[in-house]
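K.L.:
Okay, predicted coordinates and the sequence, questions at the end:
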Amino acid sequence: MKPLIGISCCVKAFGIFATPNHAASDSYVRVTLGPVGGIPVLLPAAGEALVPEILPRLDGLILTGSRSNVCPDFYEGPPHAEGTPEDIARDSTTLPLIRAAIAAGLPVLAICRGFQELNVALGGSLDQRIQDLPGRLDHSTPSDQKYGPIRTAKAHGVRLAPGSLLATIAGHCEVPVNSLHNQGIARLAPRLVAEGWAPDGTIEAVRVRDASGFAYGVQWHPEYDWETDAVSRGLLENFGRAAEAWAARRRLPQAAE
Ligand SMILES: N[C@@H](CCC(=O)NCCCC(=O)O)C(=O)O
């Protein structure tokens, strides 16, 4: 049986009455069914009470990207600029979910907003508009950029730490990535190890130092280019193998008490 992969949802108002919905991009469903080799399970932003009930049923967890931003209250940051999208229901679900998943050793792949949530969940902080910081690139893609291939195209290089998982997958230490974010890691959480950097020093890849299993995050979007990018595909496949191993262990008969 294929591993069950939890996919974090956002709360989004859509439909003719703009009522709240729990939603995740189809790209995460497709990569889960594709290179990850699992079965996607959408996780509603239903709060911390969901965590102990759902975690034991999962074999892996993907923290998805989103245009919304982690509420600064969770990292003692300044209030967002007026109009910055937030999703407190998602934060209130994913931050405890990440801590519990890491503690349990469940395979975790954190992408973009999910990468930022991983850092905040483990005690780090975020810069809210890195393009406004001296010497930093603009890592964002205009939200009015309707032409998908431009929005998700390669935007800059990432230098990888020698010997890191991504450098091992790539076979070298410099990879091109897409870039669709305004925020970025400011204070790196103590349990995270940076393993990839943009030319302006923005942290783009991390590993959980003491995780007992696969626990990685990337600021870019491997789900957008895995069909043409071997590093993105390799990261997703490595996560899938970790989830498959977790699922096999979960199905072993429990030793008699
Ligand atoms: N909102 C955060 C995280 C950015 C992010 O997850 N971007 C993906 C957006 C989805 C898309 O446009 O395809 C930030 O701005 O840093």
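P.N.:
Alright, I've got the coordinates.
K.L.:
Read off the pLDDT value for Q254.
P.N.:
You'll see Q254 listed with a pLDDT of 66.
K.L.:
Over to C112?
P.N.:
Note on C112: pLDDT of 98.
K.L.:
Can you get me a residue count around it?
P.N.:
24 (other CB atoms under 10 Å). Every residue, glycine included, has its C-beta placed from N, CA and C.
K.L.:
Same check on R249?
P.N.:
Using other CB under 10 Å as the criterion, R249 is surrounded by 9 other residues.
K.L.:
Need the phi and psi values for it.
P.N.:
Main-chain torsions, R249, degrees, to the nearest 10: phi -70, psi -40.
K.L.:
so how far is G213 from it?
P.N.:
Going from R249 to G213 by CB to CB, to the nearest Å gives 10 Å.
K.L.:
How is S212 assigned, secondary-structure-wise?
P.N.:
State at S212, reduced to three classes by DSSP: H, G, I helix; E, B strand; the rest coil: coil.
K.L.:
mind listing what it touches?
P.N.:
Counting by CB atoms under 8 Å, 6 or more residues apart in numbering, S212 touches G105.
K.L.:
All the strands of the protein, residue numbers only.
P.N.:
Remark: strands assigned in the chain by DSSP state E are 4-8, 10-14, 19-23, 39-43, 60-63, 108-111, 126-127, 154-160, 174-178, 184-185, 192-197, 203-208, 215-218.
K.L.:
Touching, L236 and D225? I think so.
P.N.:
No - L236 lies out of contact with D225 (CB atoms under 8 Å); the separation is 10.7 Å.
K.L.:
Give me the buried positions along the lowest-mean-pLDDT helix or strand in the chain.
P.N.:
Lowest mean confidence among the helices and strands of the chain (mean pLDDT, DSSP states H and E): helix 148-151, at a mean of 83. For helix 148-151, burial by neighbour count (16 or more other CB atoms under 10 Å) applies to R151.
K.L.:
Stretch 242-257 now?
P.N.:
For stretch 242-257, the neighbour count (16+ other CB under 10 Å) marks A242, A243, E244, A245, W246, A247, R250 as buried.
K.L.:
Now do that stretch: distance to the chain's middle.
P.N.:
Relative to the centre of its chain, stretch 242-257 is centred 25 Å away, using CA atoms, centre = their mean, to the nearest Å.
K.L.:
which residues sit against that stretch?
P.N.:
Contacts of stretch 242-257 with the rest of the structure, by CB under 8 Å, 6+ apart, involve 1-5, 36-38, 59-60, 105-107, 213-214.
K.L.:
Could you do stretch 64-72 as well?
P.N.:
Contacts made with stretch 64-72 from outside it, assessed by CB under 8 Å, 6+ apart, are listed as 7-10, 24-25, 28, 78-80, 84-88, 90-91, 111-114, 116-117, 120, 126, 128, 143, 180-183, 221.
K.L.:
ok, and of the residues you listed, which contact the ligand?
P.N.:
Of the residues in the contacts of stretch 64-72, proximity to the ligand by CB under 6 Å from any ligand atom holds for C112, R113, L180, H181, N182, Q183.
K.L.:
For PyMOL, write the select line for the buried members of the residues you listed.
P.N.:
Those of those that count as buried under 16+ other CB under 10 Å are selected in PyMOL with:
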select buried, resi 112+113+180+181+182+183
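K.L.:
Is it possible to get CSV of the ones next to the ligand among the contacts of stretch 64-72 that adds distance to L133?
P.N.:
Putting these into CSV (distance: CB to CB, whole Å) gives the following:
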residue, distance to L133
C112, 18
R113, 19
L180, 18
H181, 13
N182, 11
Q183, 11
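K.L.:
ok, the ones next to the ligand among the contacts of stretch 64-72 vs R99, which is closest?
P.N.:
When those are compared for distance to R99 (CB to CB), R113 wins out at 16.6 Å.
K.L.:
Kindly provide the distance from the residue lying closest to the closest one once chain neighbours are set aside to the ligand.
P.N.:
Leaving aside its chain neighbours, R113 sits nearest to S66 (4.5 Å; criterion: CB to CB, 6 or more residues apart in numbering). Counting by CB to the nearest ligand atom, to the nearest Å, the separation of S66 from the ligand is 5 Å.
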